[in-house]
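Engineer: quick one: sequence and predicted model below, then my questions.
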Amino acid sequence: MVSSKEINEILKAKRESHLENNLISCKTCNAKNINIAKFCTKCGSQLVLKDSEEKIEDNIEIKPDIISESSSKIVEHNQKTPHFKKLDDEDLKSMKKFDLNIEKILENWEVYHGIREIIANAIDEQILTGSKGMDIFKDENKTWHIRDYGRGLKYEHLTQNENDEKLKNPQVIGKFGIGLKDALATFDRKSIKVLIKSKYGNIKVYKSRKHDFEDLLTLHAYISPSKEPNFSGTEFILENLTDEDIHKAKDNFLKFSGEKKIEETKYGDVLDKKGGEARIYVNGVKVAEEENFMFSYNITSLTKKIKKALNRERTNVGRSAYSDRVKSILLNSESKEIAQKIVNDLKNYSLGEMHDELKWLDVQEHAVKRLNASEEVVFLTSEELIQDPKMVNEARYGGYDLITIPSNLKEKIKQTTDINGNDIRDLGQFYKEYDNSFKFKFVDFSELDENEKEVFSHTNEIFKLIGGEPDNINEIIISETMRKEVGSFVEANGIWELSTGRIIIKRSQLRNIESYSGTLIHEIAHATSGAGDISIKFEQELTRLLGLIFSRNMIAENIEYTNFRKRRI
């Protein structure tokens, strides 16, 4: 056996030995040129080989036993396998030779990467032609076969061009047109024998001299006529593969993963991940793995980012390339199963145990809208849990599930609706719903006890202290029950209802004149100012009313004192 290095040395020696006696004279300037040159190195004129001058390459022979199927060593053909019988000189002469022109070999590729490309091409052909599914099997000689039932491979398909047909079809896997050549180069480097069969011919791969550069050995496809003109599709026959190679190659495809599709959207599919790590597929081919994703995804609508990130190897595509599409898939999903898993995961926010999808604000909002539509929940921040304990307890005792959410999500869902058009229930909305459902238990004057009647009878006197009953107050009524106030969620002592023009006083305030008059004046200030608690306008109006009461009371006392003095005199 002769190594590829030794072959190159033989060729170099033969070339040097022929240089002196095999020179071509330029007809234009008479300069001497080596006989493999096509143009004169001095004047640039085209050279013409005379009959007496023979090309070096015609004197150099490559024997069949130095045709290598490996870049590092010569591999004997296995006589036991009929697909890979040893070739003799006549075999080689009868076969067309096609230079694969592989400029860059993917040195980090393993055998399974090459098998992946063959499987991908077979799947694409099934998609493009609508033919039946591919076959992958091992024969009795332990040789692996991968076959599709499409149109059949031609040697022209081995040119290194982008495939227009595949570029126009968004569902296919391959785009670059060079994956097969990368696979063949990898097989050669890893001593895997390959035979490609179709009705257009049989292709084997060997190293041979590069045209016009006879000191270089490059990978060539040797094509022989097919003996099966009715052969359907393309069959790759591979020797020296291991079962593990096939398993690892198939593991790159959704088709063989066993991952169940939960839902299909216009952007891609949500998959029930199998095992610990989730997978990201692009048109059924795995391009990345995610340790902390809740689902696996098959992206079928590609963005510019994804297209740019899909290199020849189709591995290690970064999250930044596909995160937008994953979000779009989730936001367009309608499956209850997906919604429930997202919702359950959102409940783990306070524990810091959410999956990475729930770290995206848009997905959090989607989960909130789903959960709000399906369950009795109240969304609140960790700060609200501390600040509004009574309202929180009221919600909890009312049978609501409290879901803690981040502050930025709280702002995003404020005054929005869920998927059914209902208002998202945060603490504010919870109080609003409570307020709308509340019913007063009014008490008629005749139902009051004697003490309560006595206190209530001073109502007009209190109005006189502020200059009379304001025009917008229609009535003063008493209720056993009162709405609970926002924030404190404690029953109010009094309420001013702008819509009805009435002041409602809690019955317990009639226990004495101080409680009743204080509550009444407070609600009158709301009525005359039109402002709520803890506002400057309300505080100013309340101050004004207290000043009126004090001044009128002082005037009354002065009059009484003056009258007293007069009586004494």
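Structural biologist: It's in. Numbering: from 1, shown residues only.
Engineer: so where's the chain uncertain?
Structural biologist: Scanning the chain for pLDDT under 70 picks out 1-24, 27-29, 31-94, 103-105, 160-178, 311-315, 486-489, 556-569.
Engineer: hmm, 50 instead?
Structural biologist: 1, 18-20, 36, 50-80, 175-176 (pLDDT under 50).
Engineer: okay, domains of it per the record?
Structural biologist: If you go by automatic domain parsing, the domain ranges for the chain are 4-60, 82-250, 254-331, 336-437, 442-555.
Engineer: could you dump these to JSON lines with mean neighbour count?
Structural biologist: From N, CA and C alone the C-beta is placed, and that goes for glycine too. Shown next, in JSON lines, are those (neighbours: other C-beta atoms under 10 Å):
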{"stretch": "domain 4-60", "mean neighbour count": "14"}
{"stretch": "domain 82-250", "mean neighbour count": "17"}
{"stretch": "domain 254-331", "mean neighbour count": "18"}
{"stretch": "domain 336-437", "mean neighbour count": "16"}
{"stretch": "domain 442-555", "mean neighbour count": "15"}
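Engineer: verify the contact between L542 and H522 for me.
Structural biologist: Yes - between L542 and H522 a contact is recorded at 6.9 Å, counting by C-beta atoms under 8 Å.
Engineer: give me the distance between the residue lying closest to A288 once chain neighbours are set aside and F256.
Structural biologist: Spatial nearest neighbour of A288, excluding adjacent residues (C-beta to C-beta, 6 or more residues apart in numbering): I280 at 4.2 Å. Distance, I280 to F256, by C-beta to C-beta, to the nearest Å: 16 Å.
Engineer: same question, V377
Structural biologist: From V377 to F256 the distance is 40 Å (C-beta to C-beta).
Engineer: likewise G284?
Structural biologist: On the measure of C-beta to C-beta, G284 and F256 end up 10 Å apart.
Engineer: the residue nearest to A288 falls within a strand, correct?
Structural biologist: Yes - counting by DSSP: H, G, I helix; E, B strand; the rest coil, I280 is found in a strand.
Engineer: who's in contact with it?
Structural biologist: 286-290, 296-297, 299, 317, 322, 326 (C-beta atoms under 8 Å, 6 or more residues apart in numbering).
Engineer: now T528
Structural biologist: Neighbours of T528 in contact, by C-beta under 8 Å, 6+ apart: 470, 472, 541, 545.
Engineer: nearest to G532, of those residues?
Structural biologist: E541 (11.5 Å; C-beta to C-beta).
Engineer: which phi and psi does that closest one have?
Structural biologist: Note on E541: backbone dihedrals following degrees, to the nearest 10 are phi -70, psi -40.
Engineer: leaving out chain neighbours, which residue sits closest to it?
Structural biologist: Nearest to E541 is S529, by C-beta to C-beta, 6+ apart, at 3.6 Å.
Engineer: mind checking the end-to-end distance for stretch 503-520?
Structural biologist: The straight-line separation of the ends of stretch 503-520 (C-alpha to C-alpha, to the nearest Å) is 8 Å.
Engineer: same thing with stretch 407-424?
Structural biologist: Using C-alpha to C-alpha, first and last residues of stretch 407-424 are 15 Å apart.
Engineer: ok but I262 is inside a helix, no?
Structural biologist: No - counting by three-state DSSP, I262 is not part of a helix but strand.
Engineer: ok, it to K308 distance?
Structural biologist: With C-beta to C-beta as the criterion, I262 and K308 are 29 Å apart.
Engineer: what's the biggest strand by length in the chain packed up against?
Structural biologist: Secondary structure of the chain per DSSP state E: the longest strand is strand 213-224. Judged by 3 or more C-beta pairs under 8 Å, 6 or more residues apart in numbering; DSSP states H and E, the packing partners of strand 213-224 are helix 4-19, strand 96-99, helix 179-189, strand 201-210.
Engineer: strands paired with the very next helix or strand once past that strand, and their directions?
Structural biologist: The helix or strand immediately downstream of strand 213-224 is strand 234-239, counting by DSSP states H and E. Partners of strand 234-239 in the sheet, by DSSP bridges, are strand 144-148 (antiparallel), strand 193-198 (antiparallel).
Engineer: what's the angle from whatever helix or strand comes next after strand 234-239 to strand 234-239?
Structural biologist: Downstream of strand 234-239, the next assigned helix or strand under DSSP H and E is helix 243-250. Put simply, helix 243-250 runs at 140 degrees to strand 234-239, going by axes from the mean of the first three to the mean of the last three C-alpha atoms, to 10 degrees.
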